[in-house]
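Trainee: here is a sequence with its predicted model. Questions after.
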Amino acid sequence: MQTNGGNNEPNFLNWLYSKIDDIDKALSENDENHLSINFIIDLHSAPGGRNSRGDFELYYNEELSQTFFKAWERLATHLKGRQGIWAYDLINEPLQSCPAPEERDYLYSCIRSTIISE
């Protein structure tokens, strides 16, 4: 059972965008009730999920990597300047059973630059 909308871009991004509504509701309630809660935006699901070795497929698949960038670009753009956002956890437990291919080493830099530029 896929909890993140599936392994293709439209389903993953649609799933993620629906979760942005949940974040907005939580941030609004936090503001309206003066709760002063700081939120960490933590992406536990990645496009393509994990393979049989437990590695994220996005490290081996350019289309999935681009979907991941689009997801964070949308999150960063939407949440920029929102009170209550304390931190971002780009991807939960990004452990790999073996090193990602060398051409994927840019992943962190691209995601980081996307968030900073937003």
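Mentor: Everything's here; your move.

Trainee: just want the most central residue of the chain.
Mentor: Nearest to the geometric centre of the chain sits residue 43, at 4.2 Å (CA atoms, centre = their mean).

Trainee: contacting residues around it?
Mentor: Under the criterion of CB atoms under 8 Å, 6 or more residues apart in numbering, the neighbours of residue 43 are 71, 72, 75, 89, 90, 91, 92. The C-beta positions use only the backbone N, C-alpha and C, and glycine is treated the same way.

Trainee: whichever of the residues you listed end up buried, select them in PyMOL.
Mentor: A single PyMOL command selects the buried members of the contacts of residue 43 (16 or more other CB atoms under 10 Å):
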select buried, resi 71+72+75+90+91
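
Trainee: from the contacts of residue 43, which is closest to residue 28?
Mentor: Closest to residue 28 out of the contacts of residue 43 is residue 75 (16.8 Å), distances taken as CB to CB.

Trainee: can you tell me how far the nearest residue to that closest one once chain neighbours are set aside sits from residue 64?
Mentor: Spatial nearest neighbour of residue 75, excluding adjacent residues (CB to CB, 6 or more residues apart in numbering): residue 41 at 6.3 Å. According to CB to CB, to the nearest Å, residue 41 stands 20 Å off from residue 64.

Trainee: which one of the two has more residues nearby?
Mentor: Comparing residue 41 with residue 64 by other CB atoms under 10 Å, the one with more neighbours is residue 64, at 21 against 18.
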